[in-house]
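>>> Have a look at this fold, sequence not included:
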């Protein structure tokens, strides 16, 4: 590995100039597995109530790793939609995973594991799961918050038909909480701003295409929204190893420094790309250009414009960390 990039969900926010910045946690490598649950095992764990609704879901679990690579003592950290059993289902699936004992996760002895669930009640339809390439911004999500929301955070899941261009149409509500607060209507209004990337081979099948859309709307006057907090981002583009090798600071190489870390502050654009990136601090070790290198690396990063937790990213600020390791001579 020439460099490791912080890929964890943003868990906190801090003041940064005249706004807030999501802190992308220190670098975490994706866990490697020698065993995973089969499609049948995933289907068997699917929450019955959610399956009857045709609702998709997402859950993140935290587990310890035994000396044999088994996941144990797992707990659900997040689930969406809440209350449909996706967190418990994800915990139940943990027994089917085995971690590669040579991976960094096994050496740490613990990991965070996101698990996605997707289904459709229409057997003639092919359910497409993304990625999103167009979605509402924080500003648009705030404007959609219902007048009778009452300060609550609302959740809704829609099922929509997909046009050949990836637009959502003929959406219907699968799930909404709380009831009678118009969060379903808000989600339906927002659906017009979404666009999904569709593999051209799927269009050639001439089979009807559909997608499920998760929407979570916190009150725009609440601290969660005002912080523009990003939860569970999905990264669509990252600099490759060759690009990162070229960014390793020459002065660090000259001085025989084997590794370093830099941070960069960026804005998140409409397509999830990181814009206006600039060094945050001086890097570590200082004075060797690692922060400048991190800013250049961050400019090549792009996250999905809509998160698995049902929220926007455009309009937020992020601080990303990049750990650099000197390329081999």
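Alright, I've got the coordinates. Computed from a predicted model, the values in this text were never measured in an experiment.
>>> Going by C-alpha atoms from here, please, whenever you check contacts or count neighbours.
Fine.
>>> Can you report how many residues lie near the closest residue in space to residue 251 that isn't next to it in sequence?
Excluding its sequence neighbours, the residue lying closest to residue 251 (C-alpha to C-alpha, 6 or more residues apart in numbering) is residue 288, at 6.0 Å. Other residues lying near residue 288 total 21 when counted by other C-alpha atoms under 10 Å.
>>> Please report how far residue 288 lies from residue 242.
Relative to residue 242, residue 288 is positioned 20 Å away (criterion: C-alpha to C-alpha, to the nearest Å).
>>> where do the helices sit along the stretch 151-300 of the chain?
Across the stretch 151-300 of the chain, reading from the start of the chain, the helices by DSSP state H, counting those that start in this stretch fall at 183-190, 200-204, 223-226, 241-247, 250-254, 290-298.
>>> Return the distance of the residue nearest in space to the middle of the chain relative to residue 249.
Using C-alpha atoms, centre = their mean, the residue of the chain that lies closest to the mean C-alpha position is residue 233, 2.2 Å off. From residue 233 over to residue 249 the distance is 28 Å, taken as C-alpha to C-alpha.
>>> Residue 172 against residue 160, yeah?
Yes. Contact between residue 172 and residue 160 holds when scored by C-alpha atoms under 8 Å: they sit 6.4 Å apart.
>>> related to what we said a few turns ago, give me the pLDDT value at the residue nearest to residue 251.
The predicted local confidence for residue 288 comes out at a pLDDT of 97.
>>> next one: residue 97
pLDDT, the model's per-residue confidence, is 96 for residue 97.
>>> Same check on residue 32?
With respect to pLDDT, residue 32 scores 86.
>>> so which of the helices of the stretch 151-300 of the chain is the most packed in?
Per-stretch averages of neighbours, counted by mean count of other C-alpha atoms under 10 Å, single out helix 290-298 among those, with a mean of 26.
>>> Output the contacting helices and strands for it.
Identification of packing neighbours for helix 290-298 by 3 or more C-alpha pairs under 8 Å, 6 or more residues apart in numbering; DSSP states H and E yields helix 241-247, strand 259-268, strand 274-279, strand 317-325.
>>> for the record, mean pLDDT for the longest one?
To tie it back to what came earlier, the one meant is strand 259-268. What strand 259-268 shows for mean pLDDT is 94.
>>> what helices or strands is that strand leaning on?
Contacts of strand 259-268 with other secondary structure elements, assessed using 3+ C-alpha pairs under 8 Å, 6+ apart, are made with strand 274-279, helix 290-298, strand 317-325.
>>> what's the angle between that strand and strand 317-325?
Strand 259-268 and strand 317-325 meet at an angle of 160 degrees, taking axes from the mean of the first three to the mean of the last three C-alpha atoms, to 10 degrees as the criterion.
>>> contact partners of strand 259-268?
Among residues not part of strand 259-268, those counted as contacts by C-alpha atoms under 8 Å, 6 or more residues apart in numbering are 21, 274-285, 290-295, 298, 313-326.
>>> List only buried entries from those residues.
Among the contacts of strand 259-268, those buried by neighbour count (16 or more other C-alpha atoms under 10 Å) are 21, 274-275, 277-280, 282-284, 290-295, 298, 313-326.
>>> and residue 55, what helix or strand is that in?
Secondary-structure element containing residue 55, defined by DSSP states H and E: none, the residue being outside all helices and strands.
>>> circling back: can I get the helices and strands packed on helix 290-298 in JSON lines including distance to residue 144?
Converted to JSON lines, the helices and strands packed on helix 290-298 look like this (distance: least, C-alpha to C-alpha, whole Å):
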{"stretch": "helix 241-247", "distance to residue 144": "40"}
{"stretch": "strand 259-268", "distance to residue 144": "20"}
{"stretch": "strand 274-279", "distance to residue 144": "25"}
{"stretch": "strand 317-325", "distance to residue 144": "21"}
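>>> thinking again about what came up before, export the helices and strands packed on strand 259-268 to a markdown table and append columns for distance to residue 148.
As requested, the helices and strands packed on strand 259-268 are exported to a markdown table (distance: least, C-alpha to C-alpha, whole Å):
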| stretch | distance to residue 148 |
| --- | --- |
| strand 274-279 | 34 |
| helix 290-298 | 40 |
| strand 317-325 | 29 |
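>>> hey, where'd the helices end up in the stretch 1-150 of the chain?
If you assign secondary structure with DSSP H, counting those that start in this stretch, the helices in the stretch 1-150 of the chain sit at 39-45, 48-53, 86-93, 104-108, 138-144.
>>> is it possible to export those helices to a markdown table including mean neighbour count?
Output for the helices of the stretch 1-150 of the chain, formatted as a markdown table (neighbours: other C-alpha atoms under 10 Å):
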| stretch | mean neighbour count |
| --- | --- |
| helix 39-45 | 14 |
| helix 48-53 | 15 |
| helix 86-93 | 22 |
| helix 104-108 | 17 |
| helix 138-144 | 18 |
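>>> hmm, back to that, which one's more surrounded, residue 172 and residue 160?
residue 160 (21 against 15).
>>> Check the spacing between that one and residue 181 real quick.
When distance is defined by C-alpha to C-alpha, residue 160 is 21 Å away from residue 181.
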